[in-house]
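A.B. asks: after the sequence you'll find the predicted model.
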Amino acid sequence: MAFDPPTLLTLTIAIAAAAAMYLLIEWRSARDSALPCWAAGFATITIGSSLSLLRAYGYFTVGIWLANGLLIFAHWMFLLGVIRFVGGQASRSWALLPLVWSLLLLLPEGPESSRLYLIVNSLLVGAVSLRASALLRLEPDLATVGTRQLHYVLMVHGAFYMAKAAITLLPGTLIDLSVFRGVIIRVSLVEGVMAILLIALSMTGTVRYRRESLIKRLAESDPLTSLYNRRGFEVRARRSLTNASADNPGALLLVDIDHFKLANDLHGHAAGDFLLVTLSDLARQILPEGALKTRLGGDEFAFLLNDTSAQQIQRVGDELRERFSEVAAKAFITPHPVTLSLGATLFSHPPKDLTALLEQSDRALYEAKRNGRDRLEVLAND
Ligand SMILES: Nc1nc2c(ncn2[C@@H]2O[C@H](COP(=O)(O)OP(=O)(O)OP(=O)(O)O)[C@@H](O)[C@H]2O)c(=O)[nH]1
């Protein structure tokens, strides 16, 4: 089966239209602001490729100038989508693209104009694609399989267009845009079909991976305090428990707000929420880096520390208690002071299991409550 230019263009039109529809449908559920830009890019390719077919009927301005201009615009929409995806700002210099392209209208018709059209078109598409690819070279903790795939696909696509510009510059290269003559134009049409397929697949993959990691993050975090919830705690705690040793002791600190119900009942639910957020903010400020911070539920929190000591636990616990009761006393008047009770377990080898460790810290916490609240009790797990 011969892949003549009209067949390849028709394939491009069909795939680009399907990609635009697919990305728009994805947008209805993912609501990622990159998706409408990418869908608009593919819709533009559909229109541009349809107009390209008109050059066979002698409509050169529409079939060549406008169609190739739309190809540049489509890639710019892809770039804009990438900018939105990574949360950046579009540079104003890209506004020069239509101006540069409009200047080509001054060229007389003929093979040399075809060459210049192709060179300018290739350089602009290549530059825009390479810029989008560069923006997707993300830090390892932000990159996903999807972003890496899109980064490489756009890089190869951009490099192809840059190479196309260089080859077109060589003397003797046959190019006639008016009838799609010349190896470069034909190879470019084949590359176009493959590129839009790969770009569309990587774009949907990129958004899907991000949505999945967002869902996972939401499932493992507490919406009020943004700390981990019990589920997130269980997943992460198991990993850090296995690292405990005599040289790297760990500690589990359970924290419960005293007379929390009083603050809630006397000053409303918002007052209770304020206390919960205050405690989580203090935990972020006071606990050492790398500590696992969790709201287990209600007014109970769990903090898991690595490479710690009895002295550090005492210091952290005292600072949490003092600063929390200071804020609570300033914020609300209650018949009994709203303070913190803390129960900690120190362990110098991996505990039997997480449940046993939680139960032990819970016993320490109970002791703190029984001994009058607003205090820390520590148990050693040896
Ligand atoms: N504001 C607010 N209240 C909550 C939330 N989740 C649970 N609670 C309330 O937390 C209270 C639990 O309080 P307890 O720990 O049983 O009572 P307490 O007064 O702290 O008792 P002690 O710990 O013995 O001092 C209940 O009134 C729940 O309604 C929440 O997300 N926001």
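C.D. replies: Okay, I see it. Numbering: from 1, shown residues only.

A.B. asks: not counting residues beside it along the chain, what's closest to Leu9?
C.D. replies: Ser49 (5.1 Å; CB to CB, 6 or more residues apart in numbering). Placement of C-beta: from N, CA and C, glycine included.

A.B. asks: next one: Gly69
C.D. replies: In space, Gly69 is closest to Trp101, 4.8 Å off (CB to CB, 6+ apart).

A.B. asks: Thr12: neighbour count?
C.D. replies: For Thr12, the count of nearby residues is 23 (other CB atoms under 10 Å).

A.B. asks: got the contact list for it?
C.D. replies: When contacts are counted by CB atoms under 8 Å, 6 or more residues apart in numbering, Thr12 touches 45, 49, 189, 192-193, 196.

A.B. asks: can you read off the pLDDT for it?
C.D. replies: We have a pLDDT of 93 for Thr12.

A.B. asks: what's the distance between it and the ligand?
C.D. replies: Distance of Thr12 to the ligand, computed by CB to the nearest ligand atom, to the nearest Å: 54 Å.

A.B. asks: next one: the helix or strand harbouring that residue to chain centre, how far?
C.D. replies: Taking DSSP states H and E as the definition, one finds Thr12 inside helix 5-30. On the basis of CA atoms, centre = their mean, to the nearest Å, helix 5-30 is displaced by 24 Å from the centre of the chain it belongs to.

A.B. asks: show me what the helix or strand just after it is packed against.
C.D. replies: Beyond helix 5-30 on the C-terminal side, the first helix or strand identified by DSSP H and E is helix 34-52. On a contact count with 3 or more CB pairs under 8 Å, 6 or more residues apart in numbering; DSSP states H and E, helix 34-52 meets helix 5-30, helix 67-86, helix 183-219.

A.B. asks: show me what secondary structure element comes after the shortest one.
C.D. replies: Think helix 67-86. helix 96-103.

A.B. asks: check which residues of that following helix are buried.
C.D. replies: Residues of helix 96-103 classed as buried: 97, 101 (neighbour count, 16 or more other CB atoms under 10 Å).

A.B. asks: enumerate the residues of the stretch 251-382 of the chain near the ligand.
C.D. replies: Proximity of the stretch 251-382 of the chain to the ligand, by CB under 6 Å from any ligand atom, involves residues 256-262, 264, 269, 272-273, 276, 298-299, 369.

A.B. asks: of the residues you listed, select the buried ones using a PyMOL command.
C.D. replies: Selecting only the buried entries of these in PyMOL, with 16+ other CB under 10 Å as the criterion:
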select buried, resi 256+257+258+259+260+262+264+272+276+299
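
A.B. asks: follow-up on the earlier one: could you measure from the residue nearest to Gly69 over to the ligand?
C.D. replies: 57 Å.

A.B. asks: show me what contacts that residue?
C.D. replies: Trp101 neighbours (CB under 8 Å, 6+ apart): 65, 69, 72, 120, 124.

A.B. asks: hmm, the third one is touching Leu123, no?
C.D. replies: By that I understand Ile72. No - using CB atoms under 8 Å, Ile72 is not in contact with Leu123; the gap is 9.7 Å.

A.B. asks: got any ranges where the chain has weak pLDDT?
C.D. replies: In the predicted model of the chain, residues 1-3, 111, 172-182, 381-382 satisfy pLDDT under 70.

A.B. asks: how about it: which residue is closest to the ligand?
C.D. replies: At 2.5 Å from the ligand, Gly272 is the closest residue in the chain, using CB to the nearest ligand atom.

A.B. asks: for that residue, what are its contacts?
C.D. replies: Counting by CB under 8 Å, 6+ apart, Gly272 has contacts 260, 263-264, 299.

A.B. asks: pick out whichever of those residues sits closest to Leu130.
C.D. replies: Nearest to Leu130, judged by CB to CB, of the contacts of Gly272 is Asp299 at 53.3 Å.

A.B. asks: quick one, phi psi at that closest one?
C.D. replies: phi -110, psi 30 (degrees, to the nearest 10).

A.B. asks: and if you look at Phe303?
C.D. replies: Backbone torsions of Phe303, given as degrees, to the nearest 10, read phi -130, psi 120.
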